[in-house]
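Trainee: coordinates only, sequence not included:
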């Protein structure tokens, strides 16, 4: 399995809109992507403009497919102007719970 961790920092005036959009996107990914096994959204308790997205995909192909879905393109177009910074890390998932 492949784990993807995305750190997003929103522009301050867009925090509420970003929060709503990210939560909807996570739900869409889980519902519409057979290869998306897990999708968590976190908000930094010290900086409400900082989000972390934790995703688990069955494999590299499922992650590549994730970027081809219409809901992904819609999400990116919508939130791109709201993002101050983004960092994406990918890992081979060696162990985990609840991912049978």
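Mentor: Good, I have the coordinates. What you see is a predicted model; the values in this text were computed from it and never measured.

Trainee: which neighbouring elements make contact with the lengthiest helix in the chain?
Mentor: For the chain, the longest helix by residue count, based on DSSP state H, is helix 15-32. Helices and strands touching helix 15-32, by 3 or more C-beta pairs under 8 Å, 6 or more residues apart in numbering; DSSP states H and E, are strand 2-10, strand 36-43, strand 50-57, helix 70-79. Bear in mind the C-beta positions are built from the backbone N, C-alpha and C, glycine included.

Trainee: to residue 88, which of those lies closest?
Mentor: strand 2-10 (5.1 Å; C-beta to C-beta).

Trainee: contacts for the closest one?
Mentor: Outside strand 2-10, the residues within contact range by C-beta atoms under 8 Å, 6 or more residues apart in numbering are 18, 22, 47, 49-60, 62-63, 82-93, 96.

Trainee: those residues, buried ones only, as a ChimeraX selection?
Mentor: Burial among the contacts of strand 2-10 is assessed by 16 or more other C-beta atoms under 10 Å; the matching ChimeraX selection reads:
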select :18,22,49,50,51,53,55,56,57,58,62,63,82
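
Trainee: contacting residues for residue 17?
Mentor: Counting by C-beta under 8 Å, 6+ apart, residue 17 has contacts residue 82.

Trainee: now do it against residue 56, distance only.
Mentor: Using C-beta to C-beta, to the nearest Å, residue 17 is found at 26 Å from residue 56.

Trainee: and residue 67, how far from residue 60?
Mentor: Residue 67 is 12 Å from residue 60, by C-beta to C-beta.

Trainee: got the phi/psi numbers for the residue lying closest to residue 12 once chain neighbours are set aside?
Mentor: Spatial nearest neighbour of residue 12, chain neighbours left out: residue 49 (5.6 Å); criterion: C-beta to C-beta, 6 or more residues apart in numbering. Main-chain torsions, residue 49, degrees, to the nearest 10: phi -90, psi 0.
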